[in-house]
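1. 3D, please:
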Amino acid sequence: MRQCGVILYRVFLCAVILLGGINGHAPAIPGEIGGTLESLYASETFYSDYLDYIHALVTEYEDTGAISATVIGKSVQGRDIHDIIVGNSQGTTCITINATHHSREYINTILVLNQIEHILRLFRDNTSFQGLSVRQLLSKSQVHFIPLVDPDGLEAYNAYLKTGSLEEGFSKATIGIVNANNVNLNRNYDANFRAQTQNSGPAPFSEPETCALKKLHDNLAFDYSIAYHSEGNLIFWNYGQTGDLYDRTLEIARMLQKITEYALDMKPATQSQYIAGTADFGGYKDWLVTIGHAAATIETSRGSMKMGKVAWRAYDDVWLRNKNVPLALVSHFYRTRNRLVECDAVTANLCIDGVLYANEVVLYNNRSYIEKSQFDLLTSGADTDRTVSGMAGQRITMDVTDSSEYIMIDSIEYHLLRAIVDHDKYDISWDADSGTVHLDSLFRTTLSRSDLRAHFGNSLISRE
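-> Presented below is the predicted three-dimensional model:
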């Protein structure tokens, strides 16, 4: 049973949807949780409502087993900094996405929350992305979302927008940019750091917010990191790196450019500027690049600032450009690690003790593979009723393991047919003229013909 507070919050969310959102504008994103994002962005008590939103999000999708939330640190004023983990916390691919180093750019907190729900909805619905099951992708991946890096600055910024008064430590010149210690967090990382310049702080990682992100990176080997900022419709990826790191970051940056249609920053500072200390410094992405990690800063929206923050009217464009960024990164690393091969399906017939079945064998790299449930039937007599056939000539994506003992097609395992011989039940042979793999039982009582027809009947051709 859901807690009473969550139920009441849901009632409020539904009311917002039915009434057309804040100020008469319909919510931009559908869904039980997503439909409230406009009202969250307009909230005068953002941090409190943000906590309620995270709670409702985790509660809504806890049945998927693909979401968890943890606190990775505290802000200057003691507010929690959350890490929302989507996927498998032990996954080999590890990605982090953060937002709102600068409080006036908190449209990106909305974006990140929306990305989380989008992925979980696809996961629950067992949807595919780029030809791969989202469940399959997330089973081997962990995506760490830090939606709100500077909660103190955001509370002070929203109070300023509401009342025009400034909290202690903030000024009109820096409100919306600095934390409660008057430090620009995106100048506080250890990348060509210059003390007390552009509100950089006294030393790298002098602030609890940047320390929280550093600790997260120290504990996890991230494959890629993104920091969302506004505005500019631009992707920053280069900080003077060379060699393999340059190639890797450029490759992914171009992929992100294709998805978002944002421009790439192709005119980074020169090496002499980095050495002289006249280039940008202290940024999150810059720090990661200097320690050998691939990362990017994505600047969302352009020309839509209103009273210092991005106007809500820009959100539809921000969302459509960025909604698939997390899954695209997961898919990229999944394909890279698992040697995915896109090709036309080449199939062969299968003849078992004289009974011929069409297109039951997939041929790849001079090897023959059969769908797992049928493999299990032939090796152990496992009870299964799954039959996959008719792939000949189709465009498929193969996920090939290092050992090639099995491949994945449309999230279904196909096992090496020759491995059946290891079970001492069948001899295997190949007839090139007819394009047929022959399995002949060493013991004729291995499986009855009725069993074979039950499991391969959809593709039965004839009895030889």
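2. Test my guess that residue 126 contacts residue 134.
-> Yes: counting by Cβ atoms under 8 Å, residue 126 does reach residue 134; the two are 7.4 Å apart. Heads up, the C-betas are built off the backbone N, CA and C, glycines and all.
3. who has more neighbours, these two?
-> residue 134 (25 against 11; other Cβ atoms under 10 Å).
4. and that one, what is it in contact with?
-> By Cβ atoms under 8 Å, 6 or more residues apart in numbering, residue 134 lies in contact with 119, 122, 123, 126, 127, 128, 327.
5. rerun that using 6 Å as the cut-off
-> Residue 134 makes contacts with 122, 123, 127, as judged by Cβ atoms under 6 Å, 6 or more residues apart in numbering.
6. Leaving out the residues flanking it, which one is nearest to it?
-> Leaving aside its chain neighbours, residue 134 sits nearest to residue 122 (4.5 Å; criterion: Cβ to Cβ, 6 or more residues apart in numbering).
7. Tell me how many other residues surround the spatially closest residue to residue 191 that is not a sequence neighbour.
-> Closest residue in space to residue 191, ignoring its immediate chain neighbours: residue 286 at 3.7 Å, by Cβ to Cβ, 6+ apart. Using other Cβ under 10 Å, residue 286 is surrounded by 26 other residues.
8. what do you get for residue 332?
-> Residue 332: 19 surrounding residues under other Cβ under 10 Å.
9. Secondary structure element holding it?
-> Residue 332 is part of helix 325-338, with elements assigned from DSSP states H and E.
10. For that helix, report the contacting residues that lie outside it.
-> Contacts of helix 325-338 (Cβ under 6 Å, 6+ apart): 93, 95, 115, 129, 130, 137, 141, 143, 223, 224, 259, 399.
11. So among the contacts of residue 134, where is pLDDT lowest?
-> The lowest pLDDT within the contacts of residue 134 belongs to residue 127, with 91.
12. what's the spacing between the residue nearest to that one when sequence neighbours are not counted and residue 362?
-> Spatial nearest neighbour of residue 127, excluding adjacent residues (Cβ to Cβ, 6+ apart): residue 134 at 5.5 Å. Computed with Cβ to Cβ, to the nearest Å, the distance linking residue 134 and residue 362 is 23 Å.
13. CA atoms only for whatever helix or strand the residue nearest to residue 191 lives in, dumped as CSV, please.
-> Element membership for residue 286, per DSSP H and E: helix 284-290. Output of helix 284-290 as CSV, limited to C-alpha atoms (Å, rounded to 0.1, in the frame of the first residue of the first chain):
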residue,chain,number,x,y,z
TYR,A,284,33.3,19.8,-14.2
LYS,A,285,33.9,18.5,-17.7
ASP,A,286,37.3,20.1,-17.8
TRP,A,287,38.4,18.4,-14.6
LEU,A,288,37.3,15.0,-15.9
VAL,A,289,39.1,15.4,-19.2
THR,A,290,42.3,16.4,-17.4
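14. Next SSE downstream of that helix?
-> Heading C-terminal from helix 284-290 (DSSP H and E), you reach strand 295-300.
15. Just the angle for that next one relative to helix 325-338, thanks.
-> Computed by axes from the mean of the first three to the mean of the last three Cα atoms, to 10 degrees, the angle separating strand 295-300 from helix 325-338 equals 150 degrees.
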